[in-house]
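Q: Got a sequence here, can you build the structure:
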Amino acid sequence: MHPKAQRLLGILAILTVIFLLAVAGSALAKPNTLNRDEIPDNYKWDLSDIYADWNAWEEDYARLEKMIDEYALLKGTLSGGPDNLLTALKSGDEIGMLMTKVDAYAGLASVTDTRDNEIAARYQKVMILDSELGVATSWFNPELLAIPWDTMKSWLDGNEELSIYRYNIENLYRRQAHVLSQDKEQLLSYFGQSNSSPSSIYQEIIVSDIKFPDMTLTDGDKVTLTEPQTFFILRTNRNQNDRSKAFEEHYKVYQSQINTYAAIYNAVLQRDWAMARARNYGSCLEASLDRDNAPVEVYTNLIAAVKEGSGPMQRYMRLRKEALGVESYHLYDGFVSLVDFEKAYEYDIVKDWIKESVSPLGDDYKGRMDNLFGGGWVDVYENEGKYTGAFSAGVYGVHPYLLLNFDESLEEVFTIAHEAGHALHSMHSDEYQPYATSDYTTFVAEVASTMNEALFLDYMLENSRDPLERIALLQQALDNIAGSFYKQTFFADFELRAHQMVEQGQPVTADALRELYGGMLKEYYGKAQVIDEIYHSYWARISHFYDSPFYVFKYATSYSASAEILERIKSKDKKVSEDALSRYLTLLKSGGNDYPIEQLKKAGVDLTRKETFQAVVNKFDNLVTQLETELKNAGII
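A: This is a model prediction of the structure:
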């Protein structure tokens, strides 16, 4: 799933007027249809930038099959010298770039209508081919590592064309203890497709086969409780009974198959532990973090800092309870606005605000944002069969694509800013890095996205004069931290404990996972809210648990990093500000050319320090105080 932006220093009066008029639902409002064919083309992807049609895709698919077969013939040649190594590396790059396009065209077409079996079949072909690629390339790492490091170093030092591969090769030698013999690597490669099966099964259940119930709201409106519709109710409906019923009925769909979700997640856990042991790691966490050469302490320090800093979060919940005037505060009450603020934000205006907000990053950066929103790169609105949520997908040699399900809510406005930051990160990385080091790690991916949200929030606060909107924006700021920092760390803690259950030989059942999740809710949130029984099963719908184990904590570390960088960019000391901005842009341009912890240190952030995380807790506490003052001034509390 991937964005960034910046605070606008000066703004035209006419833009301020437009901002304050605050769109309610004019001719530019979102299409009133879920039929994709009826949505205007300028709000949909144009995949012709990748391939003109499926015939062109089939031609490259066939070419890719041939290239993979030819690559396998290079086995046994690496020890012949640096030229042979360079040939294999360049061949691997050519295959990788072509696979990126073939994969993206089928994958992006599939997510806009997951019910289309013909497209799904094509995408399955890509996954099968990717598995074959894993087998065809499984010999490379063991054969490379059979070359003594002193010999390899002399090759790297003596051949300029090998320099772009130096970091990846050095990183491979660093992890040499976890690379197996050629026959064992080949054996593991046969499991490539089956290892992705839990995620594929989960996606089919929650997207293609899931059936959500209808519900009649208090005002008589009837809605289907899809994921976007349910969260729209939770965000905007002022009636707590409606929120309670929508939440209950929506999650009963997951609860009705809770044993299936537990079985799928157990398959993920068992797979991770098997692969960790196969590669000589002591734990699943150690295996995951080693990819980025990140110390375990980054993970454990984050969890400790958030648990110790849970007081401000509980304080925020109590403040929300008072502002909402509810007798009891439930976790499903955590989405709704504290004030009766129901402005509809129109996409065509919001994208202009986002573009204006990045002006401090320079004309080049703003020009890239113009390209992003110029048409054909963003799929904006929900349609039947479309993948829920939002993401940015970079396509090397083409451009990134953004998927949204925009419903004109304030939260979704910030989702656009978030995903746009990922896209701008990819645009910088792809332009300034060769393919070999263009793929930035997930460890730094969310720095750009959370930076973008923070800068866009500054822009909104600077230009809004509506007291209710300002309260909503402060709530947005707090909810961003709550979602990116507190909640993701909670999820990270759950993942760690779930994996430890398998590592310790404990059974993983629906009841065991429910007990774990429910107990953690009490640990983190205390008595600040009512923990409804069905919330114990909330883990079942967190797709990252199935798709990307040990990923979610990177939202929290990234938020911590972006917050520290932003403070320097906003510094009144021009030298400090310019230096911070230069370092930040360098980070975006650096792709994956160094270990992420080191990349962030170059950008001015040390994630090995617990104080980095405590600073976010302090910022959250200060924002709660600021919101409390605004609520009192408005006579709400």
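
Q: just so I have it, where are all the helices in the stretch 401-550 of the chain?
A: For the stretch 401-550 of the chain, the helices defined by DSSP state H, counting those that start in this stretch occupy 410-432, 442-463, 467-481, 488-503, 510-525, 543-547.

Q: Could you dump those into a markdown table with mean neighbour count, distance to Lys554 and mean pLDDT added?
A: Any C-beta I mention is one placed from the backbone N, CA and C, and that applies to glycine too. A markdown table is the format used below for the helices of the stretch 401-550 of the chain (neighbours: other CB atoms under 10 Å; distance: least, CB to CB, whole Å; pLDDT from 0 to 100):
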| stretch | mean neighbour count | distance to Lys554 | mean pLDDT |
| --- | --- | --- | --- |
| helix 410-432 | 25 | 13 | 95 |
| helix 442-463 | 25 | 5 | 89 |
| helix 467-481 | 21 | 15 | 91 |
| helix 488-503 | 21 | 8 | 98 |
| helix 510-525 | 17 | 19 | 96 |
| helix 543-547 | 19 | 10 | 91 |
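
Q: With distance to Arg320 as added columns, please give those in a markdown table.
A: Formatted as a markdown table, the helices of the stretch 401-550 of the chain follow (distance: least, CB to CB, whole Å):
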| stretch | distance to Arg320 |
| --- | --- |
| helix 410-432 | 15 |
| helix 442-463 | 19 |
| helix 467-481 | 8 |
| helix 488-503 | 17 |
| helix 510-525 | 12 |
| helix 543-547 | 26 |
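
Q: Which parts of the protein are strands?
A: Secondary structure of the chain (DSSP state E): strands located at 214-216, 222-224, 378-379, 391-393, 401-403.

Q: May I see the buried residues of the second one?
A: Same thing as strand 222-224. Val223 (16 or more other CB atoms under 10 Å).

Q: For that strand, name the packing helices and strands.
A: Helices and strands touching strand 222-224, by 3 or more CB pairs under 8 Å, 6 or more residues apart in numbering; DSSP states H and E, are strand 214-216.

Q: Looking at the helices of the stretch 401-550 of the chain, spot the one closest to Ser537.
A: Comparison of those against Ser537 by CB to CB identifies helix 510-525 as nearest, at 5.7 Å.

Q: and the closest one, C-alpha only, in CSV?
A: C-alpha atoms of helix 510-525 as CSV (Å, rounded to 0.1, in the frame of the first residue of the first chain):
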residue,chain,number,x,y,z
ALA,A,510,-9.8,-18.6,17.2
ASP,A,511,-10.3,-18.6,20.9
ALA,A,512,-6.6,-18.2,21.6
LEU,A,513,-6.3,-15.3,19.3
ARG,A,514,-9.5,-13.7,20.6
GLU,A,515,-8.2,-14.1,24.2
LEU,A,516,-4.8,-12.5,23.2
TYR,A,517,-6.4,-9.6,21.4
GLY,A,518,-9.0,-8.9,24.1
GLY,A,519,-6.4,-9.0,26.8
MET,A,520,-4.1,-6.6,25.0
LEU,A,521,-7.0,-4.1,24.5
LYS,A,522,-7.3,-3.9,28.3
GLU,A,523,-3.5,-3.5,28.6
TYR,A,524,-3.3,-0.6,26.2
TYR,A,525,-6.6,1.2,26.8
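
Q: Residues contacting that helix, please?
A: For helix 510-525, the external contacting residues (CB atoms under 8 Å, 6 or more residues apart in numbering) are 258-259, 261-262, 265, 306-307, 310, 313-314, 317, 331, 486, 490, 493-494, 497-498, 501, 506, 531, 535-539.

Q: Please spell out the ChimeraX selection for the buried subset of these.
A: A single ChimeraX command selects the buried members of these (16+ other CB under 10 Å):
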select :258,261,262,265,306,310,313,317,331,486,490,493,494,498,501,531,535,536,537,538,539
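
Q: pretty sure Ala498 is touching Asn266, no?
A: No - counting by CB atoms under 8 Å, Ala498 does not reach Asn266; the two are 9.0 Å apart.

Q: Find residues that contact each of those two.
A: Common neighbours of Ala498 and Asn266 (CB under 8 Å, 6+ apart) are Val508.

Q: related to what we said a few turns ago, looking at the strands of the chain, which one is packed in the most?
A: The highest mean neighbour count among the strands of the chain, using mean count of other CB atoms under 10 Å, belongs to strand 378-379: a mean of 26.
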